[in-house]
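Enquirer: what would the 3D arrangement of this be:
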Amino acid sequence: MRERGKDEPDINLFRAIEVFMAVAEMRQVTAAASALRITQSAASQHLKNLELIFGMALFDRSTRPIALTYAGETLQRHGFRLLNQIDDLKRDMQHLGASSLPALRVGLLASTATTLTPGLYDLVNNAMKVPELILSAGLATDHFAALNDRRIDMAVTSERLQDGPGFSFIPILDEPFYLILPDSYTGPADDIHAISRKLSLARFGTTTPVGRRTDQHLQRCRLDLPRAIEADRTAMVMAGVITGKCFAILSPTLLIDGVAEGMRLRIEPLPFAPLKRTIRLVSRRDDLGTIPLRIALESQKILKRAFDRHFPAISGQVSYHEIANPSY
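Expert: Numbers count the residues shown, from 1 in each chain. Next up is the predicted model:
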């Protein structure tokens with residue numbers, strides 16, 4: 001352990017950074033001290049100690065409100081990460097020491113988040129008696145990073161992510177992709193070349209997992225379709241379709257929010273080789289007991305009900321994996 005120099009202050013570095021971050025956000029020492037319930041002089045001393053340790057000014061005090069120096073901006077960037085890591089550490093230690101989880105962190109595909117949230121909340125809060133459900137929506141690649149960084153405990157996602165000893169996988173359902181046409185379209189639905197002469201493709205970008213999957217499938221089918229819109233969210237892709245000028249290639253989980261909101265669309269079989277994907281629950285192999293199974297099973301039930309309600313003509317084409325009913 002490095003010995004403290006005789007001129008270096010003996011401080012609580014974590015608390016000093018907390019004070020710095022509050023001042024950096026509010027740009028006023030008095031307001032930050034009040035928010036942290038400490039005196040202004042105590043807050044000022046924390047800032048002075050930090051500047052002494054780092055050997056440079058963190059604030060430009062000649063302006064009102066005070067402004068961050070370049071060194072202050074650098075510390076602020078690191079401060080966000082440090083405080084988040086401390087918060088994650090607290091949660092992980094609570095997980096280890098608590099007889100029941102204080103919180104469950106679940107990642108969801110953005111397209112399914114609205115559908116799954118109410119039912120998962122009821123399960124976690126009422127049946128599991130976990131006080132807090134922390135949800136984050138995003139792409140499957142977001143889930144991969146969050147699981148690796150231990151920011152979430154599990155994810156209901158569309159990618160297998162990375163095989164390894166640290167993860168377990170529970171398949172939930174297999175869903176086909178469909179041709180999505182404007183409700184006003186009156187041309188043939190079984191000839192992709194005829195369709196593409198009248199409409200352009202609204203598609204996901206290749207930075208998204210579903211975009212890469214779709215693009216690779218079109219390449220395998222040797223289809224080079226005219227493209228009008230590239231987006232990273234389902235709502236934007238579907239918005240292109242309802243203009244009446246575009247078509248899309250989407251699955252039921254990608255369609256569900258738009259259809260629930262009343263978007264009028266035609267859903268037809270793909271007029272070329274079929275494409276499907278698996279929705280699965282991925283979790284770290286921590287001591288979570290039956291929780292992953294319960295979340296996977298509840299997600300499956302919620303999605304099936306939603307498909308039956310919103311897509312009665314095609315809901316039977318979704319296949320559901322058998323999930324062991326966990327003992328409660």
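
Enquirer: what sits against I152?
Expert: Residues near I152 by Cβ atoms under 8 Å, 6 or more residues apart in numbering: R105, V106, G107, I134, S136, H143, A146. C-beta coordinates here come from the backbone N, C-alpha and C atoms, glycine included.

Enquirer: closest to T63 among those residues?
Expert: Ranked by distance to T63 (Cβ to Cβ), these are led by S136 at 36.8 Å.

Enquirer: skip the chain neighbours and tell me the closest residue to that closest one.
Expert: Nearest non-adjacent residue to S136, counting by Cβ to Cβ, 6 or more residues apart in numbering: G107, 5.1 Å away.

Enquirer: tell me which element the one you found falls in.
Expert: G107 is part of strand 103-109, with elements assigned from DSSP states H and E.

Enquirer: immediately after that strand, which helix or strand?
Expert: Counting by DSSP H and E, the next helix or strand C-terminal to strand 103-109 is helix 110-122.

Enquirer: what residues does the helix or strand following that next one touch?
Expert: Downstream of helix 110-122, the first helix or strand assigned by DSSP H and E is strand 132-138. Strand 132-138 is contacted by residues 102-110, 113, 117, 120-121, 124-125, 142, 146, 151-152 when judged by Cβ under 8 Å, 6+ apart.

Enquirer: same deal with stretch 291-305?
Expert: Applying Cβ under 8 Å, 6+ apart, the contact partners of stretch 291-305 are 101, 104, 106, 112, 115-116, 119-120, 123-124, 127-128, 153-154, 156, 168, 170, 172-173, 253, 279-281, 283, 315, 318, 320-321, 323-326.

Enquirer: which among those end up buried?
Expert: Buried members of the contacts of stretch 291-305, scored by 16 or more other Cβ atoms under 10 Å, are 101, 104, 106, 112, 115-116, 119-120, 123-124, 128, 153-154, 156, 170, 172-173, 253, 279-281, 283, 315, 318, 320, 323.

Enquirer: name the helix or strand for E230, please.
Expert: Take DSSP H and E as the rule and E230 turns out to sit in strand 227-231.

Enquirer: so for that strand, what gets flagged as buried?
Expert: Of the residues in strand 227-231, those buried (16+ other Cβ under 10 Å) are I229, E230, A231.

Enquirer: likewise stretch 221-237?
Expert: Buried residues in stretch 221-237 (16+ other Cβ under 10 Å): L225, I229, E230, A231, T234, V237.

Enquirer: so which residues of the chain form strands?
Expert: According to DSSP state E, the chain carries its strands in the segments 59-60, 67-68, 103-109, 132-138, 154-157, 167-176, 178-182, 200-204, 227-231, 246-250, 265-269, 276-284, 319-320.
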